[in-house]
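Student: below is the structure, and that's it, no one-letter string:
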């Protein structure tokens, strides 16, 4: 079996200053774009994060402040990155929980309206964990029988992720071969925002997942306490979470005007 595509899919990986989606920045991004006809296009950029890279992070991915000092900022690279992945579904390793939300933050931070409404997401780590419960390096050895050279470099991790997915499609006949099936299998509870602050309940209603309004619908909370919206917008929540919340609020206001 092979990966079935009806439109391009972009495998990508980020190396960052840390793991805080709202505060940390990209220091390296690698994208492998795979087309339905099997052609591939790849690009890797080092990125000046415009902030100090903690030593603990540099120890993991090997990217230091000196290495990126003369590299372009994400604001300078954003148009190229956006053009490369525009019209693509997205895939990665732990991408639904980290890479996608952090990339969305970076895009929104520099003024790019990163619309993910019609994008399907394939998280290779989720498939792996549901099947084998291992790490990327172990997964590469398990599925591809290769040692992962250059682990924690964005390019090596991106290419390994693509190879693992192809091997998973060969190995498991119940995960699907097209992006819709793979996306469904690699998803956990349906989220309205990638950080998981707003999810959908069994009735497909948006609900808060935190704080005093946990498990209550967004609509009833905003109706009961309109100031809660302003509190979230001014607090340290990811920009994409704020975008989703604003969209829900605007829909409510528009419905009232009809």
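Tutor: Cool, got the structure. From a predicted model like this one, the values you see are computed outputs, not experimental measurements.
Student: only C-alpha atoms from now on, for both contacts and neighbour counts.
Tutor: OK.
Student: so, low pLDDT: which residues of the stretch 151-258 of the chain?
Tutor: 188-189, 254-258 (pLDDT under 70).
Student: any chance you could map the helices in it?
Tutor: Ranges of helices in the stretch 151-258 of the chain, per DSSP state H, counting those that start in this stretch, are 154-171, 179-185, 218-224, 227-234, 239-257.
Student: what comes up buried for the last one?
Tutor: This means helix 239-257. Buried residues in helix 239-257, defined by neighbour count with 16 or more other CA atoms under 10 Å: 239-242, 244-245, 248-249.
Student: circling back: in TSV, list the helices of the stretch 151-258 of the chain along with distance to residue 97.
Tutor: As requested, those are arranged in TSV below (distance: least, CA to CA, whole Å):
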stretch	distance to residue 97
helix 154-171	15
helix 179-185	14
helix 218-224	21
helix 227-234	20
helix 239-257	13
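Student: quick check: which element contains the spatially most central residue of the chain?
Tutor: Taking CA atoms, centre = their mean, the centroid of the chain lies closest to residue 100, which sits 1.3 Å from it. Assigned by DSSP states H and E, residue 100 belongs to helix 100-109.
Student: next, residue 73: phi, psi?
Tutor: phi -80, psi 170 (degrees, to the nearest 10).
Student: neighbours of the nearest residue to it once chain neighbours are set aside, how many?
Tutor: In space, and not counting its chain neighbours, residue 73 is closest to residue 48: 4.7 Å by CA to CA, 6 or more residues apart in numbering. Look at residue 48: counted by other CA atoms under 10 Å, it has 24 neighbours.
Student: same question for the one 5 residues further on.
Tutor: When neighbours are counted by other CA under 10 Å, residue 53 registers 22.
Student: which pLDDT value goes with it?
Tutor: If you check residue 53, the pLDDT there is 96.
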